[in-house]
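Trainee: sharing a model that was predicted from the sequence below.
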Amino acid sequence: MTSSTAQVPPGGGRASQPEHLGHVIFITAAAAMGGFLFGYDSSVINGAVVAIRDRFDVGSSALAQVIAAALIGCALGAATAGRLADRIGRIRCMQIAAVLFTASAIGSALPFALWDLALWRVVGGFGIGMASVIGPAYIAEVSPPAYRGRLASFQQAAIVIGIAVSQLVNWGILNLADGDQRGDLAGLEAWQWMLGVMVVPAALYGLLSFAIPESPRFLISVGRTAEAKKVLTEVEGTGIDARVAEIDHAMRSEHKSTFKDLLGGRFGLLPIVWIGIGLSVFQQLVGINVIFYYSSSLWQSVGIDPSASFLYSFETSVVNIIGTVIAMVFVDRLGRKPLALIGSVGMALSLGTAAWAFSFTTGTGDDVTLPHTQGIVALVAANLFVLFFALSWGVVVWVLLGEMFPGRIRAAALGVAAAAQWVANWLITVSFPTLADWNLSGAYVIYTVFAVLSIPFILKWVPETKGKALEEMG
C-alpha cells in the first residue's frame, strides 16, 4: 500500500511541507524527553560511582551490579510498554514513565542501604524502558514520512544531550563540594544531589506529555477518528481523509500484536524480529556505554586527576552531540544503511586503535597509568569512536526500530528489540569492570570484533526504510 505522503523528491525533501512543521518538531521533542531521561540516568551515575563505593564499602563487582540494576528495570519496562501502549495509549505510558522516574530520583538520592539504591534504580529503569519503546514508536507515528528519519533522530539527540547535561550538572555539584563526591551540601552528600537533581527532567517530561496529542494511529484504533483527523491535519497538512482511510484499512487488516505473532521462521522468531534484535544488540556490544558509565573512572585509571576527568567526560559528550547532529542532517539524505556502514567502519578502526593504546597500561586495579603518547592516542580514539557511533548507530538504530516492523507486529516487535538492547547494555555494563581488571586492552579488542561483525550484518540483513510510509512496511 502506498501513501501519497510518501512521495519524496530527489534529495530527501518533500513536495509539500506540513503547514505546522514547527508544531511537529515540538511534539517530537517533547516525546523525545524520554530519551533525555535515558541519557541523563546513564551518565549521572558516572559522577557518583567513587562515592557510592566508599559510602557502602563495596568492590567493583557489587558496584557494577548497582550501576547496572537500572538496566534490569529497563528491559522489563521495554518488554511491557508495547502492549500497554496499545491498551491505554502512548501518552498515558509516557506519564506513567515520568512518575516512575520521579520516584526513582528521590529514592536514589536518599538510600539507606545499597540494596535500597539498587531497587530505586530498577524502578527508574522500568520507566526509562517504557519511554525507550514509546518514544520511537510515537515519533514514527506522528512524523511525515519525508521527515521521519530526522524527527526520529530527536530520540538519540535527546539521549546525548541528557548525557552532556548530567555531566555538566555533576561537574558543577562537584565544584560546590570542593571536588569531593562525598562533600556536604545542605545536609546531603554531593553524590546524593547528583542523583536527586534527576527529579527536574522527570517532572518536565511528565508536564510535556500533557501538551502533546495522542498518536493518530492509536486514536483511529479506538474509534476516535475526529481527533485523529485533527492531529493528522497538524502534522501532515493535506489529504487527511485519504490518510485516515489508509491507516484505518491497514489497522483493520491487522490485530493487536502479541509475542505469538513474532513466532515463525527457522529460528523461532520472524526474520525481521531477529534483525531488530541484532540491531539493538550490536548497538550495545560495541561498548558505547562503557564510555559514559565509567568515563571519569576510566580516565582517572590512566593517570588523569578527578576534576580533569569530569571535563574529559563532558568533552566526549560534546563530540557525541556533534555526531548526532551530523546524523540528523544525513539520515534522510543518505539513508539508514549507508550511515550505519560508515559508522561501523569508523568504530572498528577507532576501537582497534584504543585497544592498541591501552595495551601499554602499567599497574593493576585502580592504580594503572598510560605513557603520555598512548594516553593521547587513547583519548583521541575514544572521541573518534563516540563520533562515529553518534553519526551512525546511535541514531540509525532508533530510527529503524520505529520504522522497520510491519504494522501487525510493530508494538510487540519493538518491545522485544528494545528489551534485547537493555539486556545487552546490562551485559556490557556489568562485565566491563571485570574485563578491565583482567585486561583493559583485551576489553577493547572484544568491542572491536563486534564493530567489525556489524558490517556484514548491515550488508546482508538490514532493510532500507528511507522515504517509506509506515503502512508500506510489510
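Mentor: It's in.

Trainee: what's the biggest helix by length in the chain packed up against?
Mentor: The longest helix of the chain (DSSP state H) is helix 410-461. Contact analysis of helix 410-461 by 3 or more Cβ pairs under 8 Å, 6 or more residues apart in numbering; DSSP states H and E lists helix 60-88, helix 114-142, helix 271-285, helix 288-301, helix 336-358, helix 393-403 as its packing neighbours. C-beta here means a position set from N, CA and C on the backbone, and glycine is covered the same way.

Trainee: mind redoing it with 6 Å?
Mentor: helix 60-88, helix 114-142, helix 271-285, helix 288-301, helix 336-358 (3 or more Cβ pairs under 6 Å, 6 or more residues apart in numbering; DSSP states H and E).

Trainee: mind checking how far residue 330 is from residue 388?
Mentor: Residue 330 is 13 Å from residue 388, where distance means Cβ to Cβ, to the nearest Å.

Trainee: higher neighbour count, those two?
Mentor: The neighbour comparison of residue 330 against residue 388 (other Cβ atoms under 10 Å) goes to residue 388, with 24 against 20.

Trainee: hmm, back to that, average pLDDT for the longest helix of the chain?
Mentor: The average pLDDT within helix 410-461 is 86.

Trainee: give me the distance from that helix to the chain's centre.
Mentor: The chain centre lies 14 Å from the centre of helix 410-461; the measure is Cα atoms, centre = their mean, to the nearest Å.

Trainee: next one: stretch 187-203
Mentor: Centroid separation for stretch 187-203 versus its chain: 21 Å, with Cα atoms, centre = their mean.

Trainee: can you tell me what sits against that stretch?
Mentor: With Cβ atoms under 6 Å, 6 or more residues apart in numbering as the test, stretch 187-203 has contacts from 36-37, 40, 44, 47-48, 51, 98, 101-102, 105, 108-109, 169-170, 173, 177, 181-183, 185.

Trainee: what subset of the residues you listed is buried?
Mentor: Buried residues within the contacts of stretch 187-203, counting neighbours by 16 or more other Cβ atoms under 10 Å: 36-37, 40, 44, 47-48, 51, 98, 101-102, 105, 108-109, 169-170, 173, 177, 181, 183.

Trainee: if I look at residue 122, how far off is residue 44?
Mentor: Look at residue 122 and residue 44: by Cβ to Cβ, they are 16 Å apart.

Trainee: helices of the stretch 101-250 of the chain, start to end?
Mentor: 114-142, 148-176, 190-196, 199-209, 216-221, 225-236, 240-252 (DSSP state H, counting those that start in this stretch).

Trainee: flag the shaky bits of the stretch 1-150 of the chain, pLDDT-wise.
Mentor: Residues of the stretch 1-150 of the chain that meet the criterion pLDDT under 70 lie in 1-20.

Trainee: let's see that with 90 instead.
Mentor: Per-residue confidence for the stretch 1-150 of the chain (pLDDT under 90) gives these ranges: 1-27, 29, 34-35, 37-87, 89, 112-116, 128-129, 131-150.

Trainee: buried residues of stretch 433-445, list them for me.
Mentor: Of all the residues in stretch 433-445, those buried under the rule 16+ other Cβ under 10 Å are 433, 435-436, 440-441, 443-445.

Trainee: same question but for stretch 196-213, I mixed them up
Mentor: Quick answer for stretch 196-213 (16+ other Cβ under 10 Å): 196-199, 201-202, 205-206, 208-209, 212-213.

Trainee: pull the CA atoms of that stretch into PDB?
Mentor: C-alpha atoms of stretch 196-213 as PDB (Å, rounded to 0.1, in the frame of the first residue of the first chain):
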ATOM      1  CA  GLY A 196      18.300  13.800  43.200                       C
ATOM      2  CA  VAL A 197      18.500  16.500  40.500                       C
ATOM      3  CA  MET A 198      17.000  13.900  38.100                       C
ATOM      4  CA  VAL A 199      13.700  15.000  39.500                       C
ATOM      5  CA  VAL A 200      13.700  18.100  37.300                       C
ATOM      6  CA  PRO A 201      13.900  16.400  33.800                       C
ATOM      7  CA  ALA A 202      11.500  13.700  35.000                       C
ATOM      8  CA  ALA A 203       8.900  16.300  36.100                       C
ATOM      9  CA  LEU A 204       9.400  18.200  32.800                       C
ATOM     10  CA  TYR A 205       8.800  15.000  30.800                       C
ATOM     11  CA  GLY A 206       5.500  14.500  32.700                       C
ATOM     12  CA  LEU A 207       4.400  18.000  32.100                       C
ATOM     13  CA  LEU A 208       5.200  18.000  28.400                       C
ATOM     14  CA  SER A 209       3.200  14.800  28.000                       C
ATOM     15  CA  PHE A 210       0.100  16.900  28.700                       C
ATOM     16  CA  ALA A 211       0.900  19.300  25.900                       C
ATOM     17  CA  ILE A 212       1.200  16.900  23.000                       C
ATOM     18  CA  PRO A 213      -1.600  14.900  21.200                       C
END
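
Trainee: from here on, count from 834
Mentor: Yep, numbering from 834; the last one is stretch 1029-1046 now.

Trainee: measure residue 1272 to residue 1158 for me?
Mentor: Taking Cβ to Cβ, one finds residue 1272 at 35 Å from residue 1158.

Trainee: what does residue 952 give?
Mentor: Residue 952 is 37 Å from residue 1158, by Cβ to Cβ.

Trainee: number of nearby residues for residue 892?
Mentor: 9.

Trainee: actually residue 1064, sorry about that
Mentor: By other Cβ under 10 Å, 23 other residues sit near residue 1064.

Trainee: OK, contacts around it?
Mentor: Listed by Cβ under 6 Å, 6+ apart, the contact set of residue 1064 reads 1046, 1049.

Trainee: and with 8 Å instead?
Mentor: The contact partners of residue 1064, taken as Cβ atoms under 8 Å, 6 or more residues apart in numbering, are 975, 1046-1049, 1052.

Trainee: which one of these is nearest residue 1210?
Mentor: residue 975 (44.4 Å; Cβ to Cβ).

Trainee: contacts only, for the closest one.
Mentor: The neighbours of residue 975, taking Cβ under 8 Å, 6+ apart as the test, are 857, 860-861, 864, 1046, 1048-1049, 1064, 1068.

Trainee: low-confidence stretches in the stretch 984-1133 of the chain?
Mentor: The stretch 984-1133 of the chain contains residues with pLDDT under 90 at 984-993, 996-1005, 1007-1008, 1010-1020, 1048-1106, 1121-1133.

Trainee: one more pass at 80, please.
Mentor: Low-confidence segments of the stretch 984-1133 of the chain (pLDDT under 80): 985, 989, 1012, 1066-1076, 1079-1101, 1124-1133.

Trainee: between the longest helix of the chain and helix 947-975, how big is the angle?
Mentor: Interaxial angle, helix 1243-1294 versus helix 947-975 (axes from the mean of the first three to the mean of the last three Cα atoms, to 10 degrees): 80 degrees.

Trainee: tell me how far stretch 1045-1063 lies from the chain's centre.
Mentor: Counting by Cα atoms, centre = their mean, stretch 1045-1063 comes out at 27 Å from the chain centroid.

Trainee: name the residues of it that come out as buried.
Mentor: 1045-1054, 1057, 1060-1062.

Trainee: same question for stretch 1250-1270.
Mentor: By neighbour count on 16+ other Cβ under 10 Å, the buried set for stretch 1250-1270 is 1250-1259, 1261-1266, 1268-1269.
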